[in-house]
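In: Here is a sequence with its predicted model. Questions after.
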Amino acid sequence: MRRLLVTGSSGLIGSEVCVYFAAAGYAVHGVDNNQRAAFFGAQGDNRWNQRRLEREVPGFVHHELDIRDRARVLALVAELRPDAIVHTAAQPSHDLAAKIPFDDFDTNASGTLNLLEAARRSAPESPFVHMSTNKVYGDAPNHIALAELPTRWDYADPAYAHGIPEGFTIDQSKHSLFGASKVAADVMVQEYGRYFGMPTCCLRGGCLTGPHHSGVELHGFLSYLVRCNVEGRKYSVFGYQGKQVRDNIHSLDVARFIAEFVAAPRAGEVYNLGGGKGNSCSILEAFALAERHTGKPQVHAYVDENRAGDHICYYSDLRKMRAHYPRWDITKTLDDIVGEIAAAALERHAQGTRA
C-alpha cells in the first residue's frame, strides 16, 4: 500500500488531503502537534479535527511531532519512506508573525527545510507538495491600477483580467514577516526541485477554506466571518472600505489538485492555487452571502487602518494549472463554499461544540 505523509494533518487542507488520499487507497500518516492552539488560543485548537480523522479515516496514524524538531523529522521520514509528502504545517498569520518572529521563521522556513532534506535523504523520488501562500508576492499587487466598484476593488489593467500569474514579482515589496518566512520556504522547495531534480511544487494559495476550517481573526477570513455571523459576534473590517477582494477555494478542490500533481509530478514548479476571479469576493460581498445563508445580520465594525502588507485586490490566474493538469478545475462555487461553511457553523453553534 502506498504511504502518504501529511504535515499539519489536523488543519483544514491537511485533513482534507488525508481523507481524499485515504479514499484513493493510501495509508495516511499525519504529523501535527496542535501548534495552532499555541498560536491562536482555544479558537485555533485543532484536536477536534485530529479526533475526526482517527474516527473516520481507516488506518490513519497520527504522529505528535513538531516539524522544527529536525532529528525526529529526519527519523520519521527515514522510517516511513513515504510515496508522497504533502506539507501544510505552518504559522499562517502575518499579523502574529511580528510578535513571534523566531517561532514564525523556525516553523515556516526551517521546518520546511527539515522536511525537504529528510525527503532528499530517504524519499527523493516521492512528490513533495508544499502549501505556500500568495503573501510571497508581498504588497506588490497593490501597485496594479485598480478600479473602485460599488462593493469591491478590481484590476483596471487588462493584463490582469485573469488574476495574478506565477511570474509576478516577489521582490521589492512589503511581505510581513510571515510573508518573508514563506518566501524562504517557497524558494527552498523550488531549489530542491531544480538543484536536486526532486519532484516538488509550491502551491501559492489564495483563501483556502471549507467547513472544517478553524478560522480565527488573524487567519481564515471566510470561515471566521461566517462564524462571527452565526454567533452574533462583531467582525472587524480593517481598511479599504471593506472592498478588499480575495479568491476562495474549497479544501476539496485543493486536495484534488494535489492528487493530480502527485500522479504526474514536475520538478520545482509553482502554481497560484485559488478560486480565481469566479470565486472572488470582497468583505462586503461576503457579508451579503453569509447573511443569505444564515438568515442572520452580520455584526461588524470598521477600523480605518489596513493590515500591513495586506492586498487590496488579489485573485489567482488559474491558466497555468489548467494547462498543466487539464483534468482539474474548480468544482465548488463561492456560493457552495459559503453554504457549506454556514451549515457547519450553524450545526456546531446549536450543539455548543467545535466538532
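Out: Looks like it arrived, so ask away.
In: where's the spatially most distant residue from the centre of the chain, which helix or strand?
Out: The centre of the chain is farthest from one residue, residue 150, which by CA atoms, centre = their mean lies 28.6 Å away. Under DSSP states H and E, no helix or strand contains residue 150.
In: Also residue 6?
Out: strand 3-7.
In: Please apply the same query to residue 55.
Out: Under the assignment here (DSSP H and E), residue 55 is part of helix 47-56.
In: just checking, next helix/strand downstream of that helix?
Out: strand 61-63.
In: Show me what that following strand is packed against.
Out: strand 27-31, helix 47-56 (3 or more CB pairs under 8 Å, 6 or more residues apart in numbering; DSSP states H and E). The C-beta positions use only the backbone N, C-alpha and C, and glycine is treated the same way.
In: In its sheet, which strands sit next to the first one, and in what direction?
Out: With DSSP bridges as the test, strand 27-31 is paired with strand 3-7 (parallel), strand 61-63 (parallel).
In: Counting by contacts, list what the helix or strand harbouring residue 302 packs against.
Out: Using DSSP H and E, residue 302 sits within strand 300-303. Applying 3+ CB pairs under 8 Å, 6+ apart, one finds that strand 300-303 makes contact with strand 235-238.
In: Can you tell me the strand partners of the strand it packs on and which way each runs?
Out: Strand 235-238 pairs in its sheet with strand 300-303 (parallel), by DSSP bridges.
In: which residues touch the helix or strand just after the strand it pairs with?
Out: Sequence-wise, the next helix or strand downstream of strand 300-303 (DSSP H and E) is helix 319-324. Helix 319-324 is contacted from outside by 162, 165-166, 257, 266, 269, 271-273, 328-329, using CB atoms under 8 Å, 6 or more residues apart in numbering.
In: make it 7 Å
Out: By CB atoms under 7 Å, 6 or more residues apart in numbering, the surrounding residues in contact with helix 319-324 are 162, 166, 257, 271, 273, 328-329.
In: Would you mind giving me the ChimeraX syntax to select the buried ones in the residues you listed?
Out: The ChimeraX command for the buried members of the contacts of helix 319-324 (criterion: 16 or more other CB atoms under 10 Å) is given here:
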select :166,257,271,273,328
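In: Make CSV from the contacts of helix 319-324 and add distance to residue 239 and secondary structure to it.
Out: As requested, the contacts of helix 319-324 are exported to CSV (distance: CB to CB, whole Å; DSSP: H, G, I helix; E, B strand; the rest coil):
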residue, distance to residue 239, secondary structure
162, 26, coil
166, 27, coil
257, 31, helix
271, 29, strand
273, 26, strand
328, 34, coil
329, 33, coil
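In: before we move on, the earlier item: dump the strand holding residue 6 to CSV, keeping only the CA atoms.
Out: What follows is strand 3-7, C-alpha atoms only, in CSV (Å, rounded to 0.1, in the frame of the first residue of the first chain):
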residue,chain,number,x,y,z
ARG,A,3,2.1,5.7,2.0
LEU,A,4,1.3,9.4,2.3
LEU,A,5,2.9,11.7,4.9
VAL,A,6,0.9,14.9,5.6
THR,A,7,2.2,17.6,7.9
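In: the inter-axis angle of it versus helix 47-56?
Out: Compare the direction of strand 3-7 with that of helix 47-56 by axes from the mean of the first three to the mean of the last three CA atoms, to 10 degrees and you get 170 degrees.
In: Pull out the buried residues from the helix or strand sitting right after strand 3-7 along the chain.
Out: Remark: after strand 3-7, the chain's next helix or strand is helix 12-23, criterion DSSP H and E. Across helix 12-23, burial judged by 16+ other CB under 10 Å covers 12-22.
In: residues near residue 167, how many?
Out: 10 (other CB atoms under 10 Å).
In: how about the strands of the protein, start to end?
Out: In order along the chain, the chain carries the following strands (DSSP state E): 3-7, 27-31, 61-63, 84-87, 128-133, 146-148, 153-155, 200-205, 207-209, 235-238, 245-250, 269-273, 280-282, 300-303.
In: Need the contact partners of the helix holding residue 55.
Out: 9-10, 15, 18, 30, 32, 34, 60, 62, 212, 354-355.
In: 8 Å - rerun?
Out: 9-11, 15, 18-19, 30, 32, 34, 37, 60, 62, 212, 214, 353-355.
In: chain center to it, what's the gap?
Out: 19 Å (CA atoms, centre = their mean, to the nearest Å).
In: Alright, I will stop here.
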